[in-house]
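Trainee: This is a predicted model, with the sequence first.
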Amino acid sequence: MKTLNKNIRREFSHSLPRFLSVTALLTLGVFVLIGLNVTGSNMRQTAEARYHQENLADAQVTTPLNLNQGDRRTITNLKHVAKAEFGNSTDVLLKNSNHALRIESLPQTISKTTLVSGKQPQNAGEIVLNNRLKGQYQIGDQIHLATAKTAGTYNLKQKTYRISGFVKSTEFIKTDNIGNTSAGSGQLYGFGFVKAGAFKANTQNLARLTFNNVSGQAYSAEYEDQITKNVDALQPVLNRRNHQRIQALNKTLTTQITTGTADVQAGRQQVQTAQGQLDTLKQQLGSQGAPAQLAQLNAQQAQIDGQRTQLNRAQTQIDTAKATKGQLADVNLLIQSRNDFNDGYNQFGEDSQRIDALGKSFPILFFLIAILVSFTTMQRMVEEKRIEMGTLRALGYTKGEVMREVLLYSAGTAVLGTVFGSGLGLVLLPKVIFQAYAANFDFTQVQLAWHPWLIVLSLVIALASTALAAWLAARAALKEITAQLMLPKPPSSGSRIFLERIGFIWHHLSFSKKVTARNLFRYKSRMFMTIVGIAGATAILITGFGIRDSLNGIIDHQFKEIVHYDAIAVYNNKATDTQVKRVTDFITNDPHVKKDATAAFSQVYTTNGNTKENIQVLVPKNTATLKNYIELQDSKTNAKLSLNSQGAIISEKLAKTHHVQKGDYLTVHLADGTTRRVKIKAITKMYVGHYLYMNASYYQQVFHQAPSYNAQLITLTSHGQAQVNQFAADFSRLNASVQVVQAAESKRTVTKILSNLNNLVIVIILSASLLSFVVLYTLTNVNVSERMRELSTLKVLGFYPKEVLMYIYRETNILTGVGIATGLAAGWGFHAYIMSVLPPENTMTAPGVTWANLLISIILTILFSLIVMFMMNRKIQSVDMLEALKSVD
Amino acid sequence: MTNFISVTNMTKTYGAGENAVTANKDISFDIQKGELTIILGASGAGKSTLLNILGGMDQLTAGQVVVNGTDLGQLDNRALTTYRRQQIGFVFQFYNLVPNLTALENVELASEIVNDALDPQKVLTEVGLGSRSQNFPAQLSGGEQQRVAIARAMAKNPDLLLADEPTGALDYHTGKSILQLFQDFVRQSGKNVIIVTHNSMIRPMADHVIEIFDGQVKTDTRNDQPTPVADLEW
């Protein structure tokens, strides 16, 4: 037994390259399988820990109008609400800048903040800021705030606050792009919390809710489904309450306007009468009145003027009330789940699911190749051991003992491969991938976890592809009687190949080509294996590089071919006439605005599982000039599209996700959940964003009201980010401004996804390279070892080193070539698949991969092949031809 | 008469230092043109080493080996390969045919690389396998495979044909017919054949017998009246 064990140990060290290469293959397979499948889950776990710790709200209720007691009562009594906490939120500007800050009252129980340094605000004069602003401010500094709009309302009591500390909050987990705002450049620069008492009375406009009927982790189907159900059920309740309060308000406003108008009219009458009397007096008195009398007259005039001013003020109030009344239709009471009120929550979830999607596809390819190659290698090994096994059997060892060597050897590679692969996959890959996310989300470290089932699964697959292969081969071999086993296995006999039957080709082949052709088909399984291995690795390389190409391509296509505007400036066209005029004047007079076009802009949404997908509805006032801003072209034929009253033109991805075609109807929802059906007249090419384009008459048909032209499509003289931001900031100061939708926003989203995936892509490319290398090495190594005798014969015959190498390599090169060609096709398909699951819901994939990418992938594969050739050449040339030829194998 | 091969004080040592093994020690002999030479010795005597050096498959450590005017000690690896390619034909105990090539193709494998090769089909016919040239090695008997191997060596039209225990794996009758091939070759072509064997019973067929014992030449005898193989008995 001791000697048998010694023999086993020797085998390990003798064939170390083979042992290592199989181990490496399995390590790679397990690494990618485990790594890509745990990272998404680890990320969600990491987030869940923070959500739990801060008790992130399950839902939020927001409204443009402050909440009154009745509203609060309704919200608190909503079904399944465990707790409701009310708060204030307002967007302001940092004084003398375009930087917008969101200031909220510090939540006590729901969506609590985590203190990073300093103290929470102790009194109404203190503020805590988000941690990222630490670089700009220090504890103890004063910050000065200003209203977002010139002469706009200001909900805080003070304009200056002392910074008492820095916090982070899971309501704002994105580190840049914290959130959209109607203030400043349209993007929040930061956020801060003050004590509730720092807000003016009756300015609560936010309710944070937790539910008592939800369970499961954030992002789990269990949790998200329940939340969606709750929110869908509660919105109608809030709609009813909203209707009530609007009616009440409407009544109040109407009374105010009627009585106000009457009062003002009466007042004006009085003033006019008074002025008339005064004028008569003035005339009678002439210029020679006593000074005392004159003074009295002047005083009376001043009084009348004062009354006039008062009346004007009252008129303005009436106008405002009228405007407010006009806008009441737009007031809503909106309940939103985390996915909708918390952009970061949603994106982090999508990002983690994006890795899940990769984890469901890439490892299959990796493992498939690893399995194929290690399976063959192990079977080959057993065949090489035939005589040794026969000898041991002849000596009287049992079958089990004889098998032990190959079983230990093969199981060894499986166990080692699983251990290394799991270690790297559980620790390294999540950390490396998360590093990219840590830059964009407010999480510092990813939580690692064991995921024992994945380890077990990996081990089972690894064992199946090595130990099982070895066991099957050994069992088959040991079935033969021992005497036969000790004879060399009849060499795989040569056979005619198909090509020989095609005489006119065969006879024209040179001798060496005939040999190559025959050898290619001699080991069919290895031929197949090599092609599959190289094709797979090439396909992964192409896809790895292609992810980057395609995401960049989205931006290129979108902005070169489709979108020509820089921003959509949305304003409140129901504001007072002066305010609206200021907006239109501003756009007409801004020298940076090159051209603009009027449109009606609104948002609707569709549901897709638990997420609401926002759709931007655009109705151009002048349909003929729309093409200067957005080029509508058929998604299939590229034919130019124009709007008419027969239906809407919808964007390609929207049509795709809802499986609708030209002539079908698409169901959309308004903010309050009511439903509209839109007939699809055409589908337009669009890479980022969901859009509905319609003309005024079709809009009227669908929404039962005329479009409200509340937006200008803007093209600026220069399209740089700075200028667009400046325009947005200037525009946002206007009282009637609502929002500036920047076209470049989608560019940023895609770029961010790209940067988040960067590390992952690098890992995939490196792994694929390594895989390609190990596959080539393993298969060529088997090929060379198996044919040592043949190669030695050639050497003895006097073949020069290069001729000997080429004898083997002519085949390998052809297989590599076929593998690469197959890989190009497979890569094309695989890339298309990955790009269908990778981009965000509202983004189309730019088609195809670039030539540069294909070229790099091909060159890399060829390079690996050359390196392996170099290594193999050393092995081939250093073999002792005499030893090989003397033995019987 | 000029010597076709002259070996002078040739020594071959494997390894270095304490592990050094001397396989050939101070060997000297001459072989004349057109001889059938048999190198005889027990296993481990060093006869294969000698054959390998003569065949240009191994470098000698000391002394001088001149084959047909070529001083083998002066050749580097590349030149040794060229020497093997152009001047040597080799036959082994195990035939070392390429299993994936037909008998004819195995012969072509050798004839392809030399300048003045013989016609492969013709050579196969000469060794008695004219009708089996399209068969793969696995379809041939041991003796037939060895004939293919001999044909492969002969087709290169070598100056020197070396055979290492060519009948070792064959039965008596088959072995005899193989030996006959070698004798015929020498007689007809006037070239040299050297056969290495441990079987002393075949020595009468040779023109020249060199007996190796413990790495040294024990006897060096010439036989003016070689026995035709057909008359040999063992």
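Mentor: It's in.
Trainee: and A:A671, backbone torsions?
Mentor: Dihedral pair for A:A671: phi -50, psi -40, per degrees, to the nearest 10.
Trainee: That one and A:N710, how far apart?
Mentor: 15 Å (C-beta to C-beta, to the nearest Å). Where you see a C-beta, it was placed from the backbone N, CA and C, and this is true even at glycine.
Trainee: One more: A:T398?
Mentor: Per C-beta to C-beta, A:T398 is found 88 Å from A:N710.
Trainee: again, but for A:T845
Mentor: Remark: distance between A:T845 and A:N710 (C-beta to C-beta) = 33 Å.
Trainee: Have a look at A:A671 and A:N710 and say which one is more surrounded.
Mentor: A:N710 (24 against 16; other C-beta atoms under 10 Å in any protein chain shown).
Trainee: In three-state terms, label the closest residue to the more buried one other than its chain neighbours for me.
Mentor: Once flanking residues are discounted, A:N710 sits nearest to A:N573: 4.4 Å by C-beta to C-beta, 6 or more residues apart in numbering or on different chains. With DSSP: H, G, I helix; E, B strand; the rest coil as the basis, A:N573 sits in coil.
Trainee: Would you list the phi and psi of A:N573?
Mentor: The phi/psi pair for A:N573 (degrees, to the nearest 10) is phi -80, psi 0.
Trainee: separation between it and A:R386?
Mentor: Note on A:N573: its distance to A:R386, by C-beta to C-beta, is 88 Å.
Trainee: Find the centremost residue of chain B, please.
Mentor: Centrality entry for chain B: nearest residue to the mean C-alpha point is B:L162, 1.1 Å, by C-alpha atoms, centre = their mean.
Trainee: Name the nearest residue to that one, ignoring sequence neighbours.
Mentor: Leaving aside its sequence neighbours, B:L162 sits nearest to B:G55 (C-beta to C-beta, 6+ apart; 4.8 Å).
Trainee: Equivalent analysis for A:I461, please.
Mentor: Spatial nearest neighbour of A:I461, chain neighbours left out: A:F367 (6.3 Å); criterion: C-beta to C-beta, 6+ apart.
Trainee: Correct me if wrong: the one you found contacts A:L33.
Mentor: Yes: look at A:F367 against A:L33 with C-beta atoms under 8 Å: they come within range, at 5.9 Å.
Trainee: out of the two, which sits in the more crowded spot?
Mentor: A:L33 (26 against 21).
Trainee: Just the pLDDT at A:N250, thanks.
Mentor: A:N250 carries a pLDDT score of 87 in this model.
Trainee: Likewise for A:K489?
Mentor: 57.
Trainee: State the three-state secondary structure for A:F166.
Mentor: Three-state call for A:F166 (three-state DSSP): strand.
Trainee: Please, which helix or strand holds the closest residue to A:L106 other than its chain neighbours?
Mentor: The spatially closest residue to A:L106, leaving aside those adjacent along the chain, is A:F193, at 4.1 Å (C-beta to C-beta, 6+ apart). Secondary structure from DSSP states H and E places A:F193 in strand A:188-194.
Trainee: Which residues outside that strand are in contact with it?
Mentor: The contact list for strand A:188-194 (C-beta atoms under 8 Å, 6 or more residues apart in numbering or on different chains) reads A:91, A:94, A:99-107, A:113, A:120-121, A:124, A:126-130, A:132-133, A:143, A:156, A:161, A:167, A:169, A:172, A:178-181.
Trainee: can you tell me which of those are in helices?
Mentor: Assignment to helices by DSSP state H places none of the contacts of strand A:188-194 there.
Trainee: Now, of those, which are buried?
Mentor: For these, a burial check counting by 16 or more other C-beta atoms under 10 Å in any protein chain shown picks out A:91, A:94, A:99-107, A:113, A:121, A:124, A:126-130, A:132-133, A:143, A:156, A:161, A:167, A:169, A:172, A:178-181.
Trainee: okay, now A:G344: neighbour count?
Mentor: Residues contacting A:G344 under the criterion other C-beta under 10 Å number 22.
Trainee: and it, how far is that from chain B?
Mentor: Relative to chain B, A:G344 is positioned 64 Å away (C-beta to the nearest C-beta, to the nearest Å).
Trainee: that's a strand at that residue, yeah?
Mentor: No: going by three-state DSSP, the assignment for A:G344 is helix, not a strand.
Trainee: State the pLDDT value of it.
Mentor: For A:G344, pLDDT reads 87.
Trainee: Likewise for A:G848?
Mentor: pLDDT for A:G848: 68.
Trainee: so which helix or strand takes in residue 42?
Mentor: Because you didn't say which chain, this covers chain A. Counting by DSSP H and E, the element that carries A:N42 is helix A:16-54.
Trainee: Next secondary structure after that helix?
Mentor: Counting by DSSP H and E, the next helix or strand C-terminal to helix A:16-54 is strand A:59-62.
Trainee: Closest approach to chain A from chain B, which residue is it?
Mentor: Using C-beta to the nearest C-beta, the single residue of chain B nearest to chain A is B:R85, 2.7 Å away.
Trainee: tally of neighbours for the nearest residue to that residue once chain neighbours are set aside?
Mentor: Ranked by C-beta to C-beta, 6+ apart and with sequence neighbours excluded, the top spatial neighbour of B:R85 is A:G798, at 2.7 Å. If you count neighbours by other C-beta under 10 Å, A:G798 ends up with 25.
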